[in-house]
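J.: quick one, what's the 3D model for this:
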Amino acid sequence: MIVSCVLMYFFISHSAVSGMDGLQNYMIKVDPQDGDSPITFNVDPKALFPQFEQEIQETKESFLLRSVIATTIIILLSSVCTYFLTKKALTPLQKLTSEVSQIQAQNLSTQLPVPNSKDEIAQLTSSFNEMLTRLDNAFSTQKQFSANAAHELRTPLAVLQTNLEVFEKKQKPEMIEYRQLFTMIKEQTARLSQLVGTLLDMTNLKSVPRTDQVSLEELVDEVFCDLDPIAEKAGISIHFNDSSNQDLHTDVTGSYVLLYRAVYNLVENAIKYNRPHGSVSVSVKQENGQAMVLVTDTGIGISPENQKKIFDPFFRVDKSRSRAMGGAGLGLALVDSIAKEHRGTVKVLESSSAGSTIVLMLPVDNS
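T.: Next comes the predicted model:
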């Protein structure tokens with residue numbers, strides 16, 4: 001603002017002084033009445049008015065002085081007004097800064113008061129409150145996840161510690177007791193290894209490249225080849241309902257490793273929690289720009305209140321059965337995370353006492 005006033009002062013002063021200097025010479029043009037050519041001649045004002053030049057000089061000096069005084073007054077008044085206006089305008093921002101500085105990890109649920117001004121500060125406060133809500137939800141989820149993970153890790157460690165302490169008190173343990181101890185240690189360490197591996201997979205999802213061109217039909221075929229021995233051992237029949245044209249494939253862009261793990265977990269889960277001599281069928285189809293992998297089993301079904309919870313980490317509908325099968329409640333949670341990383345979703349499509357259908361939906365690669 002000061003620079004603008006100074007530049008304006010120099011511009012106006014220069015224009016006024018140049019105009020005054022132009023008064024020193026006049027050219028007069030006379031048009032005769034009889035139609036002859038116009039007559040022009042120069043007139044020097046100083047010749048007519050001897051004091052004219054001095055008056056011009058005094059007027060220029062007076063004008064420059066008044067211009068300096070006026071410019072200085074304008075700068076001072078504008079600076080004072082700007083100071084108070086800026087201070088008043090920044091007061092809500094300073095208040096917001098003070099309130100934000102008091103937010104800690106322990107009080108993320110605190111909501112800042114939104115002013116009624118409906119200006120940018122109000123919009124900023126509302127946006128900050130929304131961010132606090134998201135952070136609070138994320139922290140709460142992370143705390144719950146950490147607590148559940150600690151509990152799941154502590155259970156096999158407690159079993160190991162208890163059995164070792166009991167075995168230590170035996171004076172002359174027999175060979176069969178050694179074998180039982182080794183079997184127990186092997187089972188619990190395998191459970192720990194599986195749990196730690198799954199936790200690491202869930203934390204490293206974002207670092208895995210997702211640029212592969214994946215044919216879902218070929219991926220399901222590979223999953224069936226790997227799970228066929230497990231299904232046969234459990235007495236479960238598995239079927240791939242590939243009704244599509246053999247020359248056409250449903251392709252998606254993503255990580256083959258992660259998508260394989262997602263489909264593998266869905267089919268394995270359907271095998272584990274199935275009825276004796278039940279069946280699992282998988283089909284792939286494309287609809288409304290979405291590729292869908294549908295996994296249908298003949299299990300006992302999932303209650304409506306649990307159909308969303310089964311994708312939460314460490315959630316198990318039947319905890320005793322899950323523990324007996326070595327599950328930690330992370331299989332479907334990992335599927336949900338993989339789906340989200342591929343801009344997709346996974347959900348229970350339908351469920352009843354005759355069985356359930358879970359669908360994994362992914363955006364189709366149209367290239």
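J.: mind listing the helices for the protein?
T.: Using DSSP state H, the helices of the chain run over 2-21, 45-48, 52-101, 120-169, 175-203, 216-234, 256-272, 319-324, 331-341.
J.: and those as TSV, adding mean neighbour count, distance to Val114 and mean pLDDT?
T.: The way it works is simple: take the backbone N, C-alpha and C, and place the C-beta from them, glycine included. Output for the helices of the chain, formatted as TSV (neighbours: other Cβ atoms under 10 Å; distance: least, Cβ to Cβ, whole Å; pLDDT from 0 to 100):
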stretch	mean neighbour count	distance to Val114	mean pLDDT
helix 2-21	12	36	76
helix 45-48	11	70	60
helix 52-101	12	10	83
helix 120-169	13	5	83
helix 175-203	14	36	84
helix 216-234	16	47	91
helix 256-272	22	41	91
helix 319-324	12	44	53
helix 331-341	21	31	89
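J.: these into a markdown table, with extra columns for distance to Lys309?
T.: Listed next are these as a markdown table, based on distance: least, Cβ to Cβ, whole Å:
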| stretch | distance to Lys309 |
| --- | --- |
| helix 2-21 | 65 |
| helix 45-48 | 100 |
| helix 52-101 | 35 |
| helix 120-169 | 13 |
| helix 175-203 | 17 |
| helix 216-234 | 25 |
| helix 256-272 | 14 |
| helix 319-324 | 13 |
| helix 331-341 | 10 |
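J.: wait, isn't Thr198 in contact with Gly329?
T.: No - the pair Thr198 / Gly329 is not scored as a contact, 9.8 Å apart, by Cβ atoms under 8 Å.
J.: now do the contacts for Leu195.
T.: Residues in contact with Leu195, defined by Cβ atoms under 8 Å, 6 or more residues apart in numbering, are Ala149, Glu152, Leu153, Pro156, Ala328, Leu330.
J.: what's the closest of those residues to Glu217?
T.: Closest to Glu217 out of the contacts of Leu195 is Leu330 (27.2 Å), distances taken as Cβ to Cβ.
J.: ok, for that closest one, nearest residue in space, not its chain neighbours?
T.: Spatial nearest neighbour of Leu330, excluding adjacent residues (Cβ to Cβ, 6 or more residues apart in numbering): Thr198 at 4.6 Å.
J.: from Asn241, how far off is the closest residue to Ser117 other than its chain neighbours?
T.: Using Cβ to Cβ, 6+ apart and skipping the chain neighbours, the partner closest in space to Ser117 is Pro92 (7.2 Å). Computed as Cβ to Cβ, to the nearest Å, the Pro92 to Asn241 distance reads 62 Å.
J.: can you list contacts of stretch 269-282?
T.: Here stretch 269-282 makes contact (Cβ under 8 Å, 6+ apart) with 220, 223-224, 227, 230-231, 234-241, 263, 267, 293-300, 318, 321, 325, 327, 331-332, 355-356, 358.
J.: nearest residue to Phe311 in space, please, no chain neighbours.
T.: Asp336 (4.1 Å).
J.: and what of Val208?
T.: Ser255 is the one closest to Val208 (Cβ to Cβ, 6+ apart), at 4.9 Å.
J.: tell me the pLDDT of that neighbour.
T.: pLDDT, Ser255: 90.
J.: just Ser281 next, same as before
T.: pLDDT, Ser281: 94.
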